[in-house]
Every structure is written in structure tokens, then in C-alpha cells.
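Visitor: I'll drop the sequence and a predicted model, then ask my questions.
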Amino acid sequence: MIEPTDKGAIRLDWPAEGIARVTLCRGSAMNTLTMELLEEFGSALSQLRAAKTRVLIVTGEGRAFCGGAHIKYFTDETSPFFRNPVAIRDDYVAPIIRVFAQLRDAPFPTIAAINGFAFGGGCELALNCDFRLMASEAKIGLTETRLGALAGAGGVQLLSRIVGRTKALEIALLGDQLTAPQAQETGLVYAVHEADQLADAAVAFARRFLLCSPISVAETKRSLYRCETATAEEADRIALDAVAVAASGPEWWEGMSAFTQKRKPDFRLESK
């Protein structure tokens with residue numbers, strides 16, 4: 001297990017064995033997506049993958065989950081991104097996409113615990129997590145069209161897969177800020193909790209995955225995402241390959257033996 005860390009832009013801790021939590025901890029600056037945050041977050045995700053983390057919770061500190069893009073990059077005349085669309089695309093949005101892709105590609109479930117505002121890139125951060133829990137007073141939205149921008153770090157790529165095309169067009173084109181009940185109604189959010197209960201609810205939800213085989217979870221998650229853009233024939237091959245991977249490890253046989261012996265399986269075999 002990686003030791004808890006408290007860096008400049010993120011804090012990593014372990015609220016339970018096997019469950020990691022990354023907190024964006026520049027609440028006074030709305031936890032915006034600075035280059036420093038992206039570097040620290042990407043490094044933490046790589047380490048968590050190597051450490052065979054079972055579940056990851058991502059949350060924020062203060063009033064914001066994540067306020068999205070660091071707007072000063074676009075308004076400061078000394079910034080390399082000022083009036084430089086190629087740099088914005090290649091040196092800012094592309095790195096955001098790469099870090100967020102680590103969440104989708106992670107072999108463990110990822111849970112966004114949306115404690116406060118999640119606008120623009122903050123909403124996209126949540127979209128790149130497998131599940132989204134939300135505080136009852138928090139708000140979320142792809143607000144880019146209200147700023148003349150575009151949700152290119154996951155909004156246009158992922159939202160329609162989660163809520164359907166018509167609702168995705170409504171959310172992305174209008175740029176509205178959705179309340180927690182509205183987000184849950186659209187299917188964008190899995191569950192809504194009171195703010196003072198969100199952290200515990202996220203850990204409780206994360207604990208449910210500890211009952212499952214890490215190999216099975218990893219292969220199932222990977223297959224589900226790959227099958228989204230596959231033909232029916234390709235999807236069958238993806239599923240068959242995933243079955244072979246799962247059956248080649250000890251957890252498959254531990255699960256079968258435990259079922260036969262009427263006991264709980266020990267799925268910590270891979271980490272021993």
C-alpha cells in the first residue's frame with residue numbers, strides 16, 4: 001500500500017484497507033485543473049495501479065469537487081495558452097484527456113464523490129469515473145458553451161453513453177448547472193447523499209467491491225468499455241478473451257471452491 005501523501009494539489013489517503021481516496025485539496029482555488037494538479041493526479045493513479053488498489057474514490061475539498069479548467073491560463077497574456085489554440089489543444093486539453101483516461105483504464109472501480117461544484121472539466125472528471133455519488137446541495141454541468149468553449153476532455157465523448165444522446169445534447173448545448181436530484185434523474189449520478197454523509201457513503205459503496213474478485217472486476221470493467229464501440233462479433237471475442245484471463249488466475253478457482261464448500265472466498269490471493 002502506498003503511504004498517505006499530502007502534496008500541493010492532491011491528498012492521498014486510505015479510508016479502509018484496499019480503498020484509496022484522492023482529494024483535490026486546493027479548495028480556495030476551486031480545485032481547478034492546473035498543470036500541477038494534472039501531474040500529481042496522473043502520478044498518483046500510476047502508483048495506485050502498481051499497488052493493486054481495489055477501489056479508488058475521487059473527491060474535492062471546500063466548495064468544489066473540481067471547478068474545471070484553470071481559466072487564468074486563457075486570460076493571462078504571459079501564459080503559453082493565451083490566444084494559442086494549438087497549445088490549448090495539445091499542451092492542455094490533451095494532457096487532461098490522458099490523465100482522465102487513466103481512470104477509465106484503471107483495473108479497479110473508480111468513484112467520484114462530488115462534494116461541491118463540478119463544472120466543465122470538473123464534470124468531465126466525474127464522467128471519467130465509473131460511478132458518481134453526489135452531495136444533495138452540489139451542482140454539476142458541462143458549462144463550456146456558456147464560455148465559448150467545448151467539453152473536449154470527456155463531455156462530448158462520454159456523456160451520451162451515460163445519459164443517451166438527446167439528454168446529452170440538452171446538457172452539453174445548454175450549459176445548465178444541474179442540481180443533484182436533476183443529475184440523478186438523468187442517470188448521470190448513481191446516488192445522492194447529504195453533504196455530511198457523502199464521504200462515509202462513498203466508502204460504504206466502495207467496500208461492496210471488496211466482496212468481488214479483483215481479476216473479475218478488472219476484466220469485466222475493461223470488457224464493458226471495449227464493447228461499447230465494438231461490433232457484435234468483436235464484443236463476443238472481447239468477452240471470450242476476458243473469460244480466459246479470469247480463468248487463468250487463482251481467483252477463479254478460489255471462487256469456485258468457496259461456492260462448493262459454502263464459505264466466503266478469499267480474493268486477496270493476488271496481493272499475497
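Guide: Good, I have the coordinates.

Visitor: does residue 48 touch residue 55 like I think?
Guide: No. Using Cβ atoms under 8 Å as the test, residue 48 is too far from residue 55 to be in contact (10.0 Å). C-beta: built from backbone N, CA, C; applies to glycine.

Visitor: who touches both of the two?
Guide: Common contacts of residue 48 and residue 55 (Cβ atoms under 8 Å, 6 or more residues apart in numbering): 20, 108.

Visitor: quick one: which of these two has more around it?
Guide: Taking other Cβ atoms under 10 Å, residue 48 and residue 55 do not tie; residue 55 has more neighbours (28 against 21).

Visitor: who does the more buried one form a beta bridge with?
Guide: With DSSP bridges as the criterion, residue 55 is bridged to residue 19.

Visitor: how far away is residue 96 from residue 32?
Guide: 11 Å (Cβ to Cβ, to the nearest Å).

Visitor: what is the burial count for residue 54?
Guide: Applying other Cβ under 10 Å, we find 24 residues neighbouring residue 54.

Visitor: my guess is it contacts residue 110, does it?
Guide: No. Checked against Cβ under 8 Å, the pair residue 54 and residue 110 is beyond contact range at 11.2 Å.

Visitor: residue boundaries of the strands in the stretch 1-150 of the chain?
Guide: Counting by DSSP state E, counting those that start in this stretch, the stretch 1-150 of the chain has these strands, from start to end: 5-6, 10-16, 19-24, 55-60, 64-66, 110-114, 117-119, 131-135, 139-141.

Visitor: contact partners for residue 234?
Guide: residue 227.

Visitor: what strand or helix carries it?
Guide: Element membership for residue 234, per DSSP states H and E: helix 232-247.

Visitor: which parts of that helix are buried?
Guide: Under the neighbour-count criterion of 16 or more other Cβ atoms under 10 Å, helix 232-247 has 235, 238, 239, 242, 246 buried.

Visitor: now swap in stretch 148-163 and tell me
Guide: By neighbour count with 16+ other Cβ under 10 Å, stretch 148-163 contains the buried residues 149, 151, 152, 153, 154, 155, 158, 159, 160, 163.

Visitor: quick check, the first one in contact with residue 69.
Guide: It stands for residue 149. Yes. With contacts counted by Cβ under 8 Å, residue 149 reaches residue 69, the gap being 7.4 Å.

Visitor: overlap in contacts, these two.
Guide: What both residue 149 and residue 69 touch, as defined by Cβ under 8 Å, 6+ apart, is the set residue 120.

Visitor: quick check, distance from the helix holding residue 234 to the centre of its chain.
Guide: On the basis of Cα atoms, centre = their mean, to the nearest Å, helix 232-247 sits 24 Å off its chain's mean C-alpha point.

Visitor: could you point out which element follows it?
Guide: helix 250-261.

Visitor: give me the angle between that following helix and helix 232-247.
Guide: Here helix 250-261 runs at an angle of 80 degrees relative to helix 232-247 (axes from the mean of the first three to the mean of the last three Cα atoms, to 10 degrees).
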